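> give the three-dimensional model of this entry:
(chains A, B and C, ligands or ions: 2)
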Amino acid sequence: MKIAKVYINQTNFSMDRPFDYLIDREMESLIAVGQRVMVPFGYGNKPLDGVVVDIIDFNAGESNGYKLKKVLGVVENYPVMSCEQLKACEWLQSNYHAFFMDNVNAYFPGTLNIKTKKDSDLKTRFYLDFKIKETIQYSLACEYRDLSLDQVLELTPKNAIKQAEILKYLYTGPKTREELKEVIINPNQAIKSLLTKGILLEAANKESYVHPKKLIKKPDLTPDQKNILSEFSNSVDRVSLLHGVTGSGKTEIYLNMMEEALEQGGTCLYLVPEISLTPQTINRITERFDQKAAVIHSRISDKDKVRQYLEIDKKEIKIIIGARSAVFSPFRDLGLIIIDEEHENTYKSQNRPRYDTIPLACKLAEFFNAKVVLGSATPSMVSYYKASIGAYRLLELPNRINCMEMPRTEIVDMREEIKDGNRSFLSKALYSRIKDRLDKGEQTILFLNKRGYYSFVFCRSCGYVIKCKKCDVAMTYHGKTNKMICHYCNHTRSVEDTCPECKSNKIKYSGSGTERVQALLEKYFPAARVLRMDTDTMKKKDSVQKTLELFADKKADILLGTQMVTKGFDFENVTLVGVLLADLTLNFPDYRSSERTFQLLTQVAGRAGRGTKRGEVVIQTYDPGNYVINHAKCHDYKGFYDKEISFRKTHEYPPFSRLFYVGFAGDDMKSVKKDCESYHRQIKVELEKRNQNILIKDVYPPSPSGIIRINNRYRYYILIKTSRIKEFNDIIRAVNFSDETKKIKSTMIVDVNPNAVF
DNA sequence: AGCACGCCGACT
DNA sequence: GTCGGCGTGCTC
Ligand SMILES: [Zn+2]
Ligand SMILES: [Zn+2]
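Ligands and ions are numbered 1, 2, ... in the order given. Here you go, the predicted model:
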């Protein structure tokens, strides 16, 4: 007899370990490591699914008479988890303190439900439920797609108003019935009639696959690009860091690297920070290769997710493009992972499992003997440090292609502006340059760092700030809907006319930073067409892409936005970039605020002058001597890096240490505090046990979170900043599974190198 | 997550 | 005395 070690599909501390089950002799040939099985669990012997992580021989003598239960059956008839994937799950478990089954589940599309049925031989069988509802999309029939909108509208009778509405809407692209219903009331009858006339086409949603008709030919490479590519092909290094200034042709290099990997039969994984913000990059990849590519993002239908999953699993797809969760694709022959804009913080998962994509990708590459390429114009401090000590191969592209010059940058001291009596958000320099571009018909991007620029609602009579009832934060006013919203729990409230505190009517409402700036821009430049791009205006599905298309088609003069406008878009007619207030992210209380600001400034500056004309950048600030701003002005990455890395070293911040954040939340403040203190005490005890008492200096005492209450739950945390990673990984694991910790009622999270600590 | 076991107060 | 409240702990 054999024993299967099974992780059961429950995610909590007490079940984050394998359980032993006997394998019936007749089932032995059916069960392998990596397979999903059903096992009886608990007093009720409830059938639960789990994953086999090991199979060992059963020795009756060793069992101590302990009664073992038997595996009930298999879910699939093949192992769903490869041994590389299982190793990755284990690695995440020990390095990120993520539950094993959270890691396993990250590999599965959410809705693979397991069903039971009795077979004719009366044996219970388990199978996957594939009954996932189809998403049907409606689009204009092919033969009418080249017509103008007016011509299309002539296809239906004049009195068919609803049909015309539908056609008008569908002219912008395929839509589902639900989307049509949002815009057009009761469209069913009209859709039916359009379908019978053959004007509309009904098709299952396939938008997650991109298989283009026309392929774009490979352009000639510059000598710089050729050098980099040959250095890369000849190197045996596992990880390479491609540091290329904005506009240096990094994407073309990625495409060539992918071509080589595909020729060798490897699967390519191309990761981007956010799918919706990178339509241009995705198009370039799919236009280049004459094969199916899977684009993995959160908005595709469950059915497509399952289909994609199975096709990647069967090696039918060799190109996978996606955001961070795509590292959990079921590839079996990984050849290359490209991580574009590797400095972006979206690569760190903020939810369970709380992994960091870059180390995970490197680990996967190790298991598969594949290569990883990290690319950025502004590499993260961590990555560049690793390259500088030789852990990564450094590939550098210091010049823009076609001898394009880097934009000219000017720093404007806003204090001088105030001295001169200019109290507006636009300096004279930026104002005159915007005016100049408007006259010349060139475009401008204006960047407003969002943080700190939320508009809260307060009473000018007594100073009372309206706060969320469930959270310890101020409500934000939303001009468009005339409502207040809490950004932490999404609670919305209508506005009040009088101050709840002093009953005066001097309550002040003003729109968000971008909203206000947009209104002012329209006042200063009445003729200018201003597009706004921020999280508020970009909530709808295709709005990002539409805004970008409008701007690319020169249907607007100014693109005003938050962090979103700094991403790698390529607009040839943009010759001016303005940073309205560089200080906003600089003063944020986080050890990475300098790094983040440098990245934002450099990236947004890189949007200028991508066509034939040289770009200009204006950075407005109250702190013109700041080294971050000045290094960004000179496009001096190395200078900034040297300064910043010495700061990290003296203060022992990453890459010279690792941060462990242990957070506690619950509805009773006192018990949350108590739980947090208990955890802290246990860390001390564990250190004493190991004769490492001095390391307590690395453990910050329990403290209330910056925002103590969110959604009526109080929050406390412990922070550990240490270079003794092995020790603290062991200690955290020991404490997590201790008897004392079992008494902790608060929800507890461990986040390794979190994006934000508060 | 469930479900049993057990320790305490209220109700026949 | 015993019924049931839920807090605590275990499940291969
Ligand atoms: Zn008041
Ligand atoms: Zn709230």
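> C-alpha from now on. contacts and neighbour counts both.
Will do.
> residue contacts, the residue nearest to A:Gly615 when sequence neighbours are not counted?
Take A:Gly615 and drop its neighbours on the chain: the residue closest to it by C-alpha to C-alpha, 6 or more residues apart in numbering is A:Gly609, 3.6 Å away. Applying C-alpha atoms under 8 Å, 6 or more residues apart in numbering to A:Gly609 gives the contacts A:405-407, A:572-576, A:615-616.
> the same query, at a cut-off of 10 Å, please.
A:247, A:404-408, A:570-577, A:615-617 (C-alpha atoms under 10 Å, 6 or more residues apart in numbering).
> before we move on, what about A:Val574?
Counted by C-alpha under 10 Å, 6+ apart, A:Val574 has contacts A:437, A:441-445, A:551-552, A:554, A:557-559, A:607-611, A:613-616.
> who's it bridged to?
A:Gln443 (DSSP bridges).
> for it, give its distance to A:Phe551.
Distance of A:Val574 to A:Phe551, computed by C-alpha to C-alpha, to the nearest Å: 10 Å.
> do the same with A:Asp583
From A:Asp583 to A:Phe551 the distance is 27 Å (C-alpha to C-alpha).
> next, count neighbours for the closest residue to A:Ala106 other than its chain neighbours.
Distances taken as C-alpha to C-alpha, 6+ apart place A:Phe328 nearest to A:Ala106, at 6.2 Å, with adjacent residues excluded. Applying other C-alpha atoms under 10 Å, we find 20 residues neighbouring A:Phe328.
> A:Phe328 touches A:Tyr107, doesn't it?
Yes - distance between A:Phe328 and A:Tyr107: 4.9 Å, which falls inside the contact criterion (C-alpha atoms under 10 Å).
> between the two, which contacts overlap?
In contact with both A:Phe328 and A:Tyr107: A:85, A:89, using C-alpha under 10 Å, 6+ apart.
> thinking again about what came up before, could you flag which of the contacts of A:Val574 are buried?
Among the contacts of A:Val574, those classed as buried by neighbour count (16 or more other C-alpha atoms under 10 Å) are A:437, A:442-445, A:551-552, A:554, A:557-559, A:607-611, A:614-616.
> mind checking which of the residues you listed land in helices?
Among the buried ones among the contacts of A:Val574, the ones falling in helices (DSSP state H) are A:437, A:551-552.
> how is chain A carved up into domains?
A:2-128, A:135-205, A:223-401, A:408-453+A:512-649, A:658-752 (automatic domain parsing).
> give me the distance between the two termini of the third one.
Counting by C-alpha to C-alpha, you get 10 Å between the two ends of domain A:223-401.
> next one: that domain to chain centre, how far?
Domain A:223-401 sits 14 Å away from the centroid of its parent chain (C-alpha atoms, centre = their mean, to the nearest Å).
> who in chain A is up against DNA strand C?
Residues of chain A found near DNA strand C (C-alpha under 7 Å from any atom of the strand) are A:14-15, A:18-22, A:40-43, A:45, A:67-70, A:742-743.
> one more time with 6 Å, if that's ok
A:14-15, A:19-21, A:41-42, A:68-69, A:743 (C-alpha under 6 Å from any atom of the strand).
> between those residues, which is nearest ligand 2?
Nearest to ligand 2 out of the residues of chain A next to DNA strand C is A:Lys743 (C-alpha to the ion; 28.6 Å).
> the closest one: how many residues sit nearby?
10.
> that one contacts A:Cys676, correct?
No - with contact defined as C-alpha under 10 Å, A:Lys743 does not reach A:Cys676; the gap is 11.7 Å.
> in strands, which of the residues of chain A next to DNA strand C appear?
Those of the residues of chain A next to DNA strand C mapping onto strands are A:19-21, A:41, A:69, per DSSP state E.
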